[in-house]
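1. sequence unavailable; structure follows:
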């Protein structure tokens, strides 16, 4: 019995249930009268949230060692000091161990000094 190759093509239109949702979403986005500054603020927030998510995922043990509020502060400092310079987020966070090693104990909070090596 020979297997038929599976089709890898994608549908040209979303499933019926999503069409209404997409239309409503697009209508909502287009009807907003936010200024360019407000849109930039929203984009900046979303982008930084994505960068924090990458750090939290790729360096989970390290980030989990901080109190939640301290982890956010450290991640924000890292984002400011070492912004992503590559189109792929795969490389974001590569400089985290060196960055943490350079922070003072007060900036780090409670983690032991050798914890940066886990990153």
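-> Nice, thanks for sending it over. Predicted model only: the values in this text are computed from it and were never measured.
2. residues near residue 90, how many?
-> 10 (other C-beta atoms under 10 Å). C-betas here are computed from N, CA, C, even on glycine.
3. assign it to helix, strand or coil.
-> helix (DSSP: H, G, I helix; E, B strand; the rest coil).
4. also the one 4 residues further on?
-> Reducing the assignment at residue 94 to three states with three-state DSSP gives coil.
5. next, the buried residues of the biggest helix by length in the chain.
-> Determined from DSSP state H, the single longest helix within the chain is helix 36-58. Buried residues in helix 36-58, defined by neighbour count with 16 or more other C-beta atoms under 10 Å: 51, 52, 54, 55, 56, 58.
6. which residues does the fifth one contact?
-> What it means is residue 56. Going by C-beta atoms under 8 Å, 6 or more residues apart in numbering, residue 56 touches 63, 71, 75.
7. repeat that for the fourth one.
-> Under the criterion of C-beta under 8 Å, 6+ apart, the neighbours of residue 55 are 63, 75, 78, 92, 93, 96.
8. hang on, the earlier thing: of the contacts of residue 56, which is the most crowded?
-> residue 75 (22 neighbours).
9. OK, contacts around that one?
-> Applying C-beta under 8 Å, 6+ apart to residue 75 gives the contacts 51, 52, 55, 56, 63.
10. so how far is residue 71 from the fourth one?
-> Looking back up the chat, that one is residue 56. 8 Å (C-beta to C-beta, to the nearest Å).
11. now the last one
-> Relative to residue 71, residue 63 is positioned 5 Å away (criterion: C-beta to C-beta).
12. next one: the second one
-> Separation of residue 52 from residue 71 (C-beta to C-beta): 9 Å.
13. pLDDT weak spots in the chain?
-> By pLDDT under 70, the low-scoring segments of the chain are 1-32, 34, 110-119.
14. if you set the cut-off to 50 instead, what comes out?
-> The chain contains residues with pLDDT under 50 at 10-11, 112.
15. how about the helices of it, start to end?
-> Going by DSSP H, the chain shows helices at 16-31, 36-58, 60-64, 68-81, 96-102, 105-108.
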